[in-house]
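>>> got a predicted model here, sequence first, then my questions.
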Amino acid sequence: DYPDYINVGVELTDRLVEKGLGDHIALIGNGRQRTYKELTDWTNRIAHALVEDYGVKPGNRILIRSANNPAMVACWLAATKAGAVVVNTMPMLRAGELAKIVEKAEISLALCDTRLMDELVACAKESTHLKKVIGFDGTASHDAELDRVALSKPVRFEAVKTGRDDVALLGFTSGTTGVPKATMHFHRDILVIADGYAREVLGVTPEDVFVGSPPLAFTFGLGGLAVFPLRFGAAAALLETASPPNLIEIIQKYRATVCFTAPTAYRVMLKAMEEGADLSSLRAAVSAGETLPAPVYEEWMAKTGKPMLDGIGATEMLHIFISNRFGDSHPACTGKPVTGYEARIVDESGTELKRGEVGRLAVRGPTGCRYLADHRQAGYVQNGWNITGDAFWQDEDGYFHFAARNDDMIVSAGYNIAGPEVEAALLSHDDVLECAVIGAADEERGQIVEAHVVLAAGVEPDAATVKRLQDHVKAVIAPYKYPRRILFTDALPKTQTGKIQRFRLRETS
Ligand code: 3SK
């Protein structure tokens, strides 16, 4: 039960000060540590600036572009206090990708780390919506415009009285087609994921220190690295370099207790442990975003004596809705629904299947899919159930097990990559006549992006062409999406109607 009016920006800052945690460390990063009192004052100052200097009104949508750092969190919370609807975006996105988000969400104002301005300014030049990009600099030099303006503002701010079911956040997901969808989440939803998963599964306390690698722009990261610690007065170390092997150093330096990352990073940590890395401070290792291979789970258990907590979430559902628990966790098993959620396995018509049968995973609960103006809503929510697109089965004891993913989505080292988007990037190069992109199994990254390419006449199928095409993809879309393997072929397998048969490429890869 939540009150009728909640502002999640207040709930994650001022409320902790009221509870006596004002002197407790909230965020570490940008070269310093900030207490809950400092974070509260900081967000209030920025909120004043947004309302008084930039004319932000309740319901306005604001895009934030930054790497994971405290300044990004402060901007998010400040914009939320001002009643805005926030769209957090990944630092790697290029102008073209940002443009799709800006146009879809009709964004007129953006807050951007000054180190990342170029692509957003390029996007603004072409946009009919985006009018103003304000720079902020989390390094506390106060040279950036937003920092300078905010510094002169009072530390008290009367937050907008938002309803619990007012939209607070738009989480973008590219889906399988590469055409981005925006998922709307209420102020209440953001508290629900903390009061459900983080309280029930993780048992977060103010003594916890959170670290991890997922971007805050991905709701997995926003929950795991901002909402969960801040809801319970814990600390989060938000370091831009928080991917392996740096993640290990960060865990050791801050004696981190909770880690959010993907199996690829845990593999690196397991190797580092053999070379003496001390990860004994960790009490919870959360794995999601890609399937956790049983050997990684088992080796972690053997080396730490603690289970790795595998779970499944979705941007549509905001966060994890099925998870293993301490004391009830198993290899090659995703666990049971988080309190408040129900899950079942259904066939194409929505009929529930028997235990042991593989089908579509359907879920319902306190959060759910609400796409912004998107015809795909009717496909995702059917008869009140969210149909996730993942194939699962449920065993006799009620545990859920992963079977397969929606075919066109590639999951590489925790990143969801839409094959068609990579294809479009490759096809924009003159050397490419045709191509098909699939996910190929990879020991290190779970899957890698593999492109099958038919070259234009006269182009040499050599290493220089591979490099040229990879560089091109990195320049057109976020670099993490580039095809790590490119195979040249004379023709792609096709149906009689001319549709590329990607499944045949998957069979042989
Ligand atoms: O795996 C995902 O796609 C996900 C998305 C949002 C929140 C949490 C997770 C694991």
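That came through fine.
>>> how close does the residue of the chain positioned farthest from its centre get to residue 451?
Here the centre of the chain is the reference, and by C-alpha atoms, centre = their mean the most remote residue is residue 458, at 41.5 Å. Relative to residue 451, residue 458 is positioned 20 Å away (C-beta to C-beta, to the nearest Å). Where you see a C-beta, it was placed from the backbone N, CA and C, and this is true even at glycine.
>>> picking up where we left off before, please report phi then psi for the residue farthest from the centre of the chain.
Per-residue torsions, residue 458: phi 90, psi -10 (degrees, to the nearest 10).
>>> repeat that for residue 279.
phi -110, psi 20.
>>> pLDDT weak spots in the stretch 51-200 of the chain?
Low-confidence segments of the stretch 51-200 of the chain, defined by pLDDT under 70: 140, 175-178.
>>> now do the helices in it.
Taking DSSP state H, counting those that start in this stretch to define them, one finds helices in the stretch 51-200 of the chain at 70-81, 95-105, 117-126, 145-151, 187-193.
>>> kindly report the same for the stretch 351-500 of the chain.
377-380, 419-427, 463-476.
>>> give me the contact list for the longest one.
Right, the one you point to is helix 463-476. Under the criterion C-beta atoms under 8 Å, 6 or more residues apart in numbering, residues 94, 96, 422, 425-426, 428-429, 431-432, 451, 453, 455, 459, 481-483, 486, 488 lie in contact with helix 463-476.
>>> repeat the analysis, applying 7 Å as the threshold.
Helix 463-476 has contacts (C-beta atoms under 7 Å, 6 or more residues apart in numbering) with 94, 96, 422, 425-426, 428-429, 431-432, 455, 459, 481-483, 486.
>>> got a list of what residue 206 touches?
Contact partners of residue 206, counting by C-beta under 7 Å, 6+ apart, are 21, 24, 232, 233, 234.
>>> can you flag the buried ones in the residues you listed?
Buried by 16 or more other C-beta atoms under 10 Å: 21, 24, 232, 233, 234, out of the contacts of residue 206.
>>> go through the helices of the stretch 51-200 of the chain and pick out the most buried.
Among these, helix 70-81 has the highest mean neighbour count (mean count of other C-beta atoms under 10 Å), at a mean of 29.
>>> that one - contacts with which helices or strands?
Here helix 70-81 touches helix 8-11, strand 25-29, helix 36-52, strand 61-65, strand 85-89, going by 3 or more C-beta pairs under 7 Å, 6 or more residues apart in numbering; DSSP states H and E.
>>> which of these sits closest to the ligand?
Of all these, it is strand 85-89 that lies closest to the ligand, at 12.5 Å by C-beta to the nearest ligand atom.
>>> what comes up buried for the closest one?
In strand 85-89, counting by 16+ other C-beta under 10 Å, buried: 85, 86, 87, 88, 89.
>>> closest to residue 305 among the contacts of residue 206?
residue 234 (22.7 Å; C-beta to C-beta).
>>> give me every residue that touches the residue nearest to the closest one when sequence neighbours are not counted.
Leaving aside its sequence neighbours, residue 234 sits nearest to residue 208 (C-beta to C-beta, 6 or more residues apart in numbering; 3.9 Å). Contact analysis of residue 208 by C-beta under 7 Å, 6+ apart lists 229, 234, 257, 258.
>>> mind listing what residue 132 touches?
Contacts for residue 132 (C-beta under 7 Å, 6+ apart) come out as 54, 108, 109.
>>> for it, name its beta-bridge partners.
Beta-bridge partners for residue 132, by DSSP bridges, are residue 109.
>>> gap between it and residue 101?
16 Å.
>>> likewise residue 252?
Distance, residue 252 to residue 101, by C-beta to C-beta: 36 Å.
>>> next one: residue 189
The value you get for residue 189 to residue 101, if C-beta to C-beta is used, is 20 Å.
>>> residue 366 too?
Separation of residue 366 from residue 101 (C-beta to C-beta): 26 Å.
>>> residue 217 now?
Separation of residue 217 from residue 101 (C-beta to C-beta): 10 Å.
>>> need the residues touching each of these two.
residue 89.
>>> what residues does this protein have near the ligand?
219, 220, 288, 289, 313, 314, 315, 319, 320 (C-beta under 6 Å from any ligand atom).
>>> and the fifth one, what pLDDT?
Right, the one you point to is residue 313. pLDDT for residue 313: 96.
>>> what's across from it in the sheet?
residue 320.
>>> contact partners for it?
Contacts of residue 313 by C-beta under 7 Å, 6+ apart are 220, 288, 319, 320, 321.
>>> with distance to residue 463 and neighbour count added, can I get those in CSV?
Output for the contacts of residue 313, formatted as CSV (distance: C-beta to C-beta, whole Å; neighbours: other C-beta atoms under 10 Å):
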residue, distance to residue 463, neighbour count
220, 36, 29
288, 36, 25
319, 42, 29
320, 42, 29
321, 45, 29
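>>> in this structure, which residue sits nearest the ligand?
For the chain, C-beta to the nearest ligand atom, closest residue to the ligand: residue 313, 2.6 Å.
>>> quick check: the residue nearest to residue 90 when sequence neighbours are not counted vs residue 344, distance?
Distances taken as C-beta to C-beta, 6+ apart place residue 217 nearest to residue 90, at 4.4 Å, with adjacent residues excluded. Taking C-beta to C-beta as the measure, residue 217 falls 31 Å from residue 344.
>>> circling back: now the buried members of the contacts of helix 463-476.
94, 96, 422, 425-426, 429, 431-432, 455, 459, 481-483, 486.
>>> could you dump the contacts of residue 208 to a markdown table with pLDDT and secondary structure?
Listed next are the contacts of residue 208 as a markdown table, based on pLDDT from 0 to 100; DSSP: H, G, I helix; E, B strand; the rest coil:
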| residue | pLDDT | secondary structure |
| --- | --- | --- |
| 229 | 99 | helix |
| 234 | 99 | coil |
| 257 | 98 | coil |
| 258 | 98 | strand |
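>>> most neighbours of all those residues, which one?
For those, counting by other C-beta atoms under 10 Å, the largest number of neighbours falls to residue 229: 29 neighbours.
>>> tell me, please, where in the stretch 351-500 of the chain the pLDDT is lower than the cut-off.
Within the stretch 351-500 of the chain, the ranges that satisfy pLDDT under 70 run 405-408, 495-499.
>>> switch the cut-off to 80
Applying pLDDT under 80 to the stretch 351-500 of the chain flags the ranges 404-409, 416, 420, 494-500.
>>> the stretch 201-350 of the chain now?
Low-confidence segments of the stretch 201-350 of the chain (pLDDT under 80): 244, 264, 290-291.
>>> brilliant, that's me finished.
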